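# Sequence and predicted structure below; questions after.
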Amino acid sequence: MSIQVSGLTKVYGEQTAVDAISLNINKGEIVGFLGPNGAGKSTTMKMLTCYIPPTSGTASVGGFDILKDALKVRSKVGYLPESNPLYFDMYVREYLDFIGGINGIKNRKSKINDLIEQTGLQKESNKLIGQLSKGYKQRVGLAQALMNDPEVLILDEPTSGLDPNQLVEIRKLIKTIGQEKTVMLSTHIMQEVEQMCDRVLIINNGKIVADEKVEALAENSQGQFLVEVIFTKPIAVTELVNEAVTIFEQRSDRHFIVSARKRIDITNGIFRVSVTNENSVIEIKDLKRDLETVFRDITKN
């Protein structure tokens with residue numbers, strides 16, 4: 001495992017920002033770390049990168065404990081924080097050379113040239129960082145995160161401020177990086193998660209409330225299957241609903257979207273209603289919700 005977390009907790013005064021979370025992330029995985037503002041995403045990332053210590057619990061990154069081997073963890077991790085703290089009075093190449101020196105990188109000139117090409121900074125590489133647009137500042141932040149050729153890349157809102165063309169390029173870069181490294185990224189852009197990530201972790205009120213493959217999460221939110229059904233004649237809602245089946249949405253008096261924890265409960269319910277009322281089914285199909293809808297359903301309470 002590249003990242004192993006067990007019971008990780010962070011308390012500020014009377015507020016529990018991260019509440020005994022546990023998770024594992026393997027090498028070669030790109031994992032989307034999602035949650036509403038204030039859910040505990042950035043706090044978790046700061047603990048994993050040894051910027052702040054946990055109140056309790058354990059975690060290891062690249063095989064090293066975040067408390068006992070903090071320096072070794074930092075040598076294994078590339079980190080792009082949400083705030084992206086850059087030195088605005090330094091030139092791009094100068095800044096990357098400075099970061100390379102801190103990391104003890106040999107052949108820094110060659111490494112910097114590679115990173116500038118990787119992150120699409122060629123045209124801006126001789127400018128002051130303070131003169132760059134927000135999107136290009138994000139690219140500089142990503143380049144510094146890759147400077148030490150990390151095993152694990154932790155990115156907090158990495159595509160913030162990028163234009164549509166830049167988004168495509170950076171997503172492609174992150175996906176390429178994820179073939180050899182472990183990538184954990186937070187974002188509020190659901191389309192980004194669907195395009196880049198293998199897995200989704202959702203944190204809400206400091207707790208992990210979902211840990212699924214992207215496809216599985218979209219198909220089965222919190223164990224609820226959705227089926228769209230259209231009858232030939234109107235049907236009373238009360239005839240469809242029972243202890244196992246609920247109405248997710250009623251579109252007309254004969255057109256419903258129903259949900260249940262088991263697909264068979266929905267099928268049996270529809271069959272029973274059809275036979276009892278001599279009411280044929282025109283159409284029945286399983287529904288796959290988009291990730292944004294699933295996210296809202298999981299975190300709204």
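Thanks, I have it.
# and stretch 111-124, which residues are buried?
K111, I112, L115, I116, Q118, T119, G120, L121, E124 (16 or more other Cβ atoms under 10 Å). For the C-beta atoms, the positions are set from N, CA and C on the backbone; glycine is no exception.
# first to last residue in it, what's the distance?
17 Å (Cα to Cα, to the nearest Å).
# again with stretch 132-151
End residues of stretch 132-151 are separated by 29 Å (Cα to Cα).
# What does the closest residue in space to F64 that isn't next to it in sequence show for phi and psi?
Distances taken as Cβ to Cβ, 6 or more residues apart in numbering place K72 nearest to F64, at 4.3 Å, with adjacent residues excluded. Note on K72: backbone dihedrals following degrees, to the nearest 10 are phi -70, psi -40.
# didn't K72 look like it was pressed against S60?
No - under the criterion of Cβ atoms under 8 Å, K72 makes no contact with S60, lying 10.1 Å away.
# can you map out the strands along the stretch 151-300 of the chain?
Counting by DSSP state E, counting those that start in this stretch, the stretch 151-300 of the chain has strands at residues 152-156, 182-186, 199-204, 207-213, 225-231, 245-250, 255-260, 281-286.
# Just give me the lowest mean pLDDT stretch among those.
Ranked on mean pLDDT, the bottom entry among the strands of the stretch 151-300 of the chain is strand 245-250, at a mean of 81.
# can you state the direction angle for it and strand 225-231?
70 degrees (axes from the mean of the first three to the mean of the last three Cα atoms, to 10 degrees).
# coming back round to it: deepest in the core, which of the strands of the stretch 151-300 of the chain is it.
With neighbours taken as mean count of other Cβ atoms under 10 Å, the strands of the stretch 151-300 of the chain reach their highest mean count in strand 182-186, at a mean of 25.
# Remind me what that one packs against, helices and strands.
Judged by 3 or more Cβ pairs under 8 Å, 6 or more residues apart in numbering; DSSP states H and E, strand 182-186 is in contact with strand 30-34, helix 41-48, strand 152-156, helix 164-177.
# which residues sit against stretch 126-138?
Residues outside stretch 126-138 that contact it (Cβ atoms under 8 Å, 6 or more residues apart in numbering) are 80, 84, 86-93, 95, 121, 124, 140, 158-163, 166, 170.
# Show the model's pLDDT score for F88.
Confidence score, pLDDT, at F88: 96.
# same check, this time on the one 3 residues further on
Residue-level confidence at Y91 comes out at 97, pLDDT.
# just K288 next, same as before
69.
# what's the burial count for K72?
16 (other Cβ atoms under 10 Å).
# ok, Q118 touching A145?
No - at 11.3 Å, Q118 does not count as touching A145 under the criterion of Cβ under 8 Å.
# Is V18 bridged to anything, and to what?
Beta-bridge partners recorded for V18 (DSSP bridges): K10.
# Look up how far G7 lies from it.
10 Å (Cβ to Cβ, to the nearest Å).
# With neighbour numbers in mind, choose between those two.
For the pair V18 and G7, the greater number of neighbours falls to V18 (27 against 13), based on other Cβ under 10 Å.
# Spit out the contact partners of the more buried one.
Counting by Cβ under 8 Å, 6+ apart, V18 touches L8, T9, K10, G40, T43, T44, M47, P54, I203, G206.
# on that earlier part again, which ChimeraX command selects the buried ones in the contacts of stretch 126-138?
Typed into ChimeraX, the line below selects the buried ones among the contacts of stretch 126-138, using 16+ other Cβ under 10 Å:
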select :80,84,86,90,91,92,93,95,121,124,140,158,159,160,162,166,170
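# mind checking how far V183 is from G7?
Note on V183: its distance to G7, by Cβ to Cβ, is 24 Å.
# Same check on L128?
Taken as Cβ to Cβ, the span from L128 to G7 is 45 Å.
# just for the stretch 1-150 of the chain, where's the confidence low?
1 (pLDDT under 70).
# can you give me the helices for it?
Using DSSP state H, counting those that start in this stretch, the helices of the stretch 1-150 of the chain run over 41-48, 70-76, 92-102, 108-118, 134-145.
# could these go into CSV alongside distance to I25?
Formatted as CSV, those follow (distance: least, Cβ to Cβ, whole Å):
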stretch, distance to I25
helix 41-48, 10
helix 70-76, 13
helix 92-102, 25
helix 108-118, 23
helix 134-145, 17
